[in-house]
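Participant: this is the structure alone, sequence omitted:
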């Protein structure tokens, strides 16, 4: 049985004690999907907010995620969202593309961070950072970033669903659902797909071999 975890300020406080008061939470959405972008958000929250309703976006219903994402935008000192699209993912690999999008998001913050908390994402940065596993369930700042990343990526997948009908992007958001696998077999690979991901790459190889 899974145990529900409530985020707090523990990881942010560890940086505050070292004099780093502008701490950005960083999280991604869509890393394991077969199609669409990987989306990374960076959020700096004020240090005087106390308890917050922000939670790991995966634990929440879509309507609640949208509502809380709006609250993140309202209270944040600064936030930014960046996307790495399939072409960049195929060129850099998924980890490299995630790092690139994360660094772009951090660079776009109006308030420059002094430290980072990421969801197990070890970034090429000189900023001090902590990268615990499940940080989106442990840190308010990372939970806030997860809400922005997830809701913005979901909105993009709805647009891709209209642009590439038949794949079911609105339902499965580009992940490897049976509906998605069946649509790929029937319709082939679209421009929204990540061609280096194994299920897509296999389909392309079969087509090339004329199977």
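Facilitator: Looks like it arrived, so ask away. Keep in mind the model is a prediction, meaning the values are calculated, not measured.

Participant: give me the mean pLDDT for the host helix or strand of residue 162.
Facilitator: Using DSSP states H and E, residue 162 sits in helix 140-163. Average pLDDT, helix 140-163: 98.

Participant: list the buried ones in that helix?
Facilitator: Of the residues in helix 140-163, 140-154, 156-157, 160-161 count as buried by neighbour count, 16 or more other Cβ atoms under 10 Å. (Glycine included, C-beta is placed from N, CA and C.)

Participant: over to stretch 59-78?
Facilitator: 60, 65, 68-69, 72, 76, 78.

Participant: next: stretch 28-47.
Facilitator: Neighbour counts over stretch 28-47 (16+ other Cβ under 10 Å) mark 28-30, 33-45 as buried.

Participant: what is the nearest of those to residue 184?
Facilitator: Distances from residue 184 to the buried residues of stretch 28-47, taken as Cβ to Cβ, are shortest for residue 34 (7.8 Å).

Participant: surely residue 175 meets residue 29?
Facilitator: No: judged on Cβ atoms under 8 Å, residue 175 makes no contact with residue 29 at a distance of 10.8 Å.

Participant: mind listing which of the buried residues of stretch 59-78 are in helices?
Facilitator: With helices defined by DSSP state H, the entries of the buried residues of stretch 59-78 inside them are 65, 68-69, 72.

Participant: buried set for the lowest-mean-pLDDT helix or strand in the chain?
Facilitator: For the chain, using mean pLDDT, DSSP states H and E, the weakest element among its helices and strands is helix 198-209, scoring a mean of 86. Under the neighbour-count criterion of 16+ other Cβ under 10 Å, helix 198-209 has 200, 203 buried.
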